[in-house]
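K.L.:
here are the coordinates; sequence isn't available:
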């Protein structure tokens, strides 16, 4: 059996940074749980909003939450109503799990992803959505490869792997499609990695997307 390592974890401290930053020393366990609850709630509420990642930055007075999405208008809503609702739900959730009486203040910021086809997470979400609609996986993956490969200046190579009962077959298997080069063995490699699970009627299909954007020096 091989020992597989998450591409981002392998590069943290060298070419990648943590998604959670700030003051965690005093009560690390409770703060870590709060981060998990924040991300879980937002992923649930914004499942159809094309969210790439959620960054959390803690200060002594507030919790800053930055949401990266290719559809920021849907999250913000008319006159910022969507942001207000999200803040209220997050504050209520944190109040229910917090051991202390002090109320956590949330600062929400929405940032736009201009091109979703350069984001491995958003590509994986798009593929998962189409697989759940019973579209053949080969057609979906080849369309995604073609759209990513069109960005020749930014993208040097791409690999998409799907695993499970593909097209509803009885025996599960893994299959991958690749274009260009993909240097996964070096820390300098700027690889954007995304994973998503498609919940189909015949079982779960795992989708892994690797987008290689050159080397960091």
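P.N.:
Good, I have the coordinates. Since we're looking at a predicted model, the values are computed, not measured. Numbering: from 1, shown residues only.
K.L.:
List phi and psi for residue 187.
P.N.:
phi -70, psi -30 (degrees, to the nearest 10).
K.L.:
chain center to the stretch of helix or strand residue 35 belongs to, what's the gap?
P.N.:
Element membership for residue 35, per DSSP states H and E: helix 28-45. Its chain's average C-alpha position is 15 Å from that of helix 28-45, according to Cα atoms, centre = their mean, to the nearest Å.
K.L.:
Which strands and helices lie in contact with that helix?
P.N.:
Applying 3 or more Cβ pairs under 8 Å, 6 or more residues apart in numbering; DSSP states H and E, one finds that helix 28-45 contacts strand 51-58, strand 63-69, helix 81-97. C-beta coordinates here come from the backbone N, C-alpha and C atoms, glycine included.
K.L.:
now the helices for this structure?
P.N.:
7-11, 28-45, 72-76, 81-97, 120-132, 137-149 (DSSP state H).
K.L.:
re the thing from before, just tell me which of the helices and strands packed on helix 28-45 ends up closest to residue 207.
P.N.:
strand 51-58 (14.8 Å; Cβ to Cβ).
K.L.:
now for the closest one, which elements pack on it?
P.N.:
Here strand 51-58 touches strand 20-21, helix 28-45, strand 63-69, helix 120-132, going by 3+ Cβ pairs under 8 Å, 6+ apart.
K.L.:
Could you rerun that using 6 Å?
P.N.:
If you count contacts as 3 or more Cβ pairs under 6 Å, 6 or more residues apart in numbering; DSSP states H and E, strand 51-58 packs onto helix 28-45, strand 63-69.
K.L.:
Any chance you could list what contacts the longest one?
P.N.:
The contact list for helix 28-45, computed with Cβ atoms under 6 Å, 6 or more residues apart in numbering, reads 20, 24, 54, 56, 93-94.
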